[in-house]
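> how would this look folded up:
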Amino acid sequence: MNTYAIPPLIADVLLIGIGLSVFFKNKSSKLNIIFSLFSFSMAGWLFGYTNMYLSKDAVAALKWARIGFLGIIFIPIFAYHFIISFLNLKRKIVLPIIYLLAIPSLFLSQTDYIYSGIKEHFWGYYPTAGKIYIFFLLMFAILFTRGVLLLLSRLKKESGIRREQIKYVCLAFGLGAFGIVDYLIKYPIHDIYPFGYMCALFFNGLIAFAIVRYRLLDIKVALTRTGIFIVVYTLVLGLPFAVVVWFRDRLIDTLGPHWWILPLGLMAGLATVGPFIYIYLERKAEERLLKEQKRYQDTLKQVSVGMTRIRNLRKLLDLITHIVTKTVKISFAAIYLYNKDTNEFVLQVSRDKGGMVVPNNLSRDNPLISWLKAKPEPLIYEEVKHKMEDSNDSAYKLLEENMRLLTATVIIPSFLEDRFMGFFVLGDKLSGQIYTPEDLNVFQVLASQAALAIENAQFYEEAKEMQEQIAQAEKMATIGTMAEGLSHQINNRFYALSLIAGDTLDTIKMTDTSNCTPEVKEMINQINHALDRIQTNVMQGGQVVKGMLKYTRKGEEGFEALTLDQILDGTLDMVQYKVNLSEIDIIRNYPKDIPKIKGNQVQLQEGFFNFIDNGYDAIVERRTFLKEDSYRGRITISAHPNANGMLEIVIEDNGIGVKEEDMKKIFTPFFTTKVSSRRGTGLGLYVIKRVIEEFHKGKIWIESEYKTGTRFIVELPVARETYRNLKFLPNPPLT
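Numbering: from 1, shown residues only. Okay, the predicted model is just below:
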């Protein structure tokens, strides 16, 4: 067996594998199809030549050489066609002519005009050039040169990943140029081992990498890796061949018919240590080449560790964008975070955007958001753009539009476990270089650490706000405990004012003013009117104080039979001082003979006070945000006895409603959905739940639809004396 046949056979199999993998990566892509044909034409050439090396005689070797030439014919044609397609050029006349030129070559390939004979070299049989072989060689050179010139011309105009792809293809053609040795040795020159199959493999592999992988290596790194690979594996494969060439006769004399064991063992040993040598040299070379990149990547890693110490959210976000833009030197950076109140991803901070205008928020249903949630990995604009061009999937079109709107070169999603916190938007590098896979890995680590730091900062701010709410609640509770003493003092002042006004009025009435001038009489009438107003306001003030006292009392009076009207009348007397009742309609939708409730009047009035107050805030929020024509707020209180012996009361408003994700937290202490300046403490509904379920042994639950309204359903025990002859009614639908 000819050992020189093994390397081209391996290359043949690899070329077929590369062609198939690129084809099945995107079977509908014209570019992928042309490249696959290009790979198969190379594989056809090596298939014929492998069998030529294995041939036992010159006749069989020549036959296999001519079969291999059938693949060679199409190598320059498919290479040129690939460049035209890769650069999206239109060559409707040139391409058909080139393919037509291949037809006579197919017929002449099996004659002496192409391969005139066969010659034996140290590596085996190899064909010699015929009379018109030179014309084929010229056609190859012209197409090859023209293709490279087209690539170089486009290279000056492109940027980003597209520029890197063209660089890769140019590099591939540069390596492929060394394969010309296979053409030259068909002429009577000194024996040179035909290493063109190695060039073909590198050539083909680099182009496949540029097509399939959008996340490319820096071209300097690729060149370095390729150079090291060539040097190492030239040593691995070349040294055993050199031993065979230079010491074959001596090996035969020493080892006899098993002389081939030594070079084969040497090849196996070198193949074993080759990868380790390659990895070591590659690491050392990249440390020098990527010194700057490693520097900012290390800086970002250090920053990601220290971020969790920052408690101020705004300061944290500013720091992240500042470090990223200055360290990596990029044109633009922005951070969007999820806002549960608006159910949107809101722009929190942006840096160095210049005159660019980017959206302030993105809906949770935006295709970009849905994509990032489903596939938590970096999105690269050029990658999305090429996939959009290569496929008919509308999803890529929507992604491309949104990324263009955000002026995003790269988008890095930020997750905390499975929770999507937000995303980072990064612009182009000022150096014009691409984002390497190592860059993206570092940014993903940064985004993960940032998610934890952001949650910590948000938790700290929420805890701080909660402490303020607790302090405010404690103040209100203190005022409540002082209410009785304060009301006594205020009532004393009201009583004094009333006495003073009354005494003054009596004095005026008892005074003879008949001799007074008209001006004095008018003044006395005005004073009389003013004193009457003072007495009226004193009485009203007394009623307010009485209502406040009733509201703040704990309700130690115990439980009694109460009508729903009693509870609502007392509630409205108090709530009118907090909300503008003229802006809404309060509808009592229940019969007058509704059964009485067994309850504590003060506690129940406190509960209904919160229902109406919350409903009013929801109505104001809907009016402010939705801006609907002819909208008017409405709170409806309806009631009916149910089969459980309870009075079911429904308090329904047509306000903004509650978002689905907030429904489970609605009765949680210190949780509030209010977004206005009247933002509450988050204690109202928690207190209501305790009053109804713990103190009155009833039930409360909520039904709500965002942007439609909210309904609280309350069950309270019916007083025993009103339990007879009750008619049970179903619960009405939410309107």
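> contact partners for residue 111?
residue 130 (Cβ atoms under 8 Å, 6 or more residues apart in numbering). Every residue, glycine included, has its C-beta placed from N, CA and C.
> for it, which three-state class applies?
When classified by DSSP: H, G, I helix; E, B strand; the rest coil, residue 111 comes out as coil.
> all numbers from here: first residue = 668
All set: I'll call the first residue 668, so the last point we hit is now residue 778.
> quick check: it vs residue 1291, distance?
According to Cβ to Cβ, to the nearest Å, residue 778 and residue 1291 sit 89 Å apart.
> cool, and residue 1315?
32 Å.
> more neighbours: the two, which one.
residue 1315 (21 against 11; other Cβ atoms under 10 Å).
> in the sheet, who's paired with the more buried one?
residue 1307, residue 1382 (DSSP bridges).
> hang on, isn't it packed against residue 1382?
Yes: with contact defined as Cβ atoms under 8 Å, residue 1315 counts as touching residue 1382 (5.4 Å).
> list residues touching both of these two?
Common neighbours of residue 1315 and residue 1382 (Cβ under 8 Å, 6+ apart) are residue 1309.
> quick check: domain ranges of the protein?
670-881, 884-956, 961-1127, 1130-1219, 1227-1389 (automatic domain parsing).
> got these as a markdown table, with mean pLDDT columns?
Listed next are the domains of the chain as a markdown table, based on pLDDT from 0 to 100:
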| stretch | mean pLDDT |
| --- | --- |
| domain 670-881 | 86 |
| domain 884-956 | 71 |
| domain 961-1127 | 81 |
| domain 1130-1219 | 72 |
| domain 1227-1389 | 84 |
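> and residue 1267, how far is that from residue 1383?
Applying Cβ to Cβ to residue 1267 and residue 1383 gives a distance of 11 Å.
> buried residues in stretch 1062-1076?
Residues of stretch 1062-1076 classed as buried by neighbour count (16 or more other Cβ atoms under 10 Å): 1063-1067, 1069-1070, 1073-1076.
> so how far is stretch 1111-1119 off the chain centroid?
13 Å (Cα atoms, centre = their mean, to the nearest Å).
> in that stretch, what's buried?
Result for stretch 1111-1119 [16+ other Cβ under 10 Å]: buried residues 1111, 1113-1119.
> and those, which of them are in strands?
Using DSSP state E, no member of the buried residues of stretch 1111-1119 sits in strands.
> pick the one among the residues you listed closest to residue 714.
Distance to residue 714 across these (Cβ to Cβ) is lowest for residue 1111, with 43.8 Å.
> next up, the contacts around that closest one.
1044-1045, 1079.
> ranking those by neighbours, who comes first?
Counting by other Cβ under 10 Å, top hit in the contacts of residue 1111: residue 1079 with 26 neighbours.
> list the contacts of whichever strand or helix holds that residue.
Under the criterion of DSSP states H and E, residue 1079 resides in strand 1077-1083. Residues external to strand 1077-1083 that are found in contact with it (Cβ under 8 Å, 6+ apart): 1035, 1039-1040, 1043-1048, 1070, 1087-1093, 1102, 1107, 1110-1111, 1113-1115, 1117-1119, 1121-1122.
> tell me which residues in that strand are buried?
1077-1082.
> and stretch 811-831, by the same measure?
Neighbour-count burial for stretch 811-831 [16+ other Cβ under 10 Å]: 811, 814-815, 817-818, 821, 827-831.
> more crowded one of residue 1267 and residue 1383?
residue 1383 (24 against 21).
> now the common contact residues for residue 1267 and residue 1383.
With Cβ under 8 Å, 6+ apart, residue 1267 and residue 1383 have common neighbours residue 1363.
> beyond the helix or strand where residue 771 lies, next helix or strand please.
Using DSSP H and E, residue 771 falls within helix 761-775. Downstream of helix 761-775, the next assigned helix or strand under DSSP H and E is strand 782-788.
> which two in the buried residues of stretch 811-831 are spaced the farthest apart?
811 and 827 (26.9 Å).
> can you list the neighbours in contact with stretch 1181-1190?
Counting by Cβ under 8 Å, 6+ apart, 1180, 1191 sit against stretch 1181-1190.
> residues of the helix or strand hosting residue 740 that come out buried?
Assigned by DSSP H and E, residue 740 belongs to helix 725-753. Within helix 725-753, the residues scored as buried using 16+ other Cβ under 10 Å are 728-753.
> helices of the stretch 918-1067 of the chain, start to end?
928-956, 958-973, 980-995, 1034-1041, 1048-1057, 1061-1072 (DSSP state H, counting those that start in this stretch).
> chain center to the first one: distance?
What that stands for is helix 928-956. 41 Å.
> residue contacts, residue 1275?
1234-1235, 1238, 1318.
> output those as JSON lines; include the columns secondary structure, neighbour count and distance to residue 693.
JSON lines is the format used below for those (DSSP: H, G, I helix; E, B strand; the rest coil; neighbours: other Cβ atoms under 10 Å; distance: Cβ to Cβ, whole Å):
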{"residue": "1234", "secondary structure": "helix", "neighbour count": "23", "distance to residue 693": "71"}
{"residue": "1235", "secondary structure": "helix", "neighbour count": "18", "distance to residue 693": "69"}
{"residue": "1238", "secondary structure": "helix", "neighbour count": "24", "distance to residue 693": "68"}
{"residue": "1318", "secondary structure": "strand", "neighbour count": "22", "distance to residue 693": "60"}
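> in PDB, could you pull the C-alpha coordinates for stretch 759-770?
Taking C-alpha atoms only, stretch 759-770 is exported to PDB below (Å, rounded to 0.1, in the frame of the first residue of the first chain):
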ATOM      1  CA  LYS A 759     -25.800  37.100 -16.000                       C
ATOM      2  CA  ILE A 760     -23.600  36.800 -19.100                       C
ATOM      3  CA  VAL A 761     -20.200  35.900 -17.700                       C
ATOM      4  CA  LEU A 762     -21.200  32.900 -15.600                       C
ATOM      5  CA  PRO A 763     -23.000  31.000 -18.500                       C
ATOM      6  CA  ILE A 764     -20.000  31.500 -20.700                       C
ATOM      7  CA  ILE A 765     -17.700  30.100 -18.100                       C
ATOM      8  CA  TYR A 766     -19.900  27.100 -17.600                       C
ATOM      9  CA  LEU A 767     -20.100  26.500 -21.300                       C
ATOM     10  CA  LEU A 768     -16.200  26.500 -21.500                       C
ATOM     11  CA  ALA A 769     -16.300  23.500 -19.200                       C
ATOM     12  CA  ILE A 770     -18.100  21.300 -21.800                       C
END
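> contacts for that stretch, please.
740-741, 744, 747-748, 751, 806, 810.
> kindly recompute the last result at 10 Å.
737, 740-741, 743-745, 747-748, 751-752, 756, 758, 776, 802-803, 806, 809-810, 813 (Cβ atoms under 10 Å, 6 or more residues apart in numbering).
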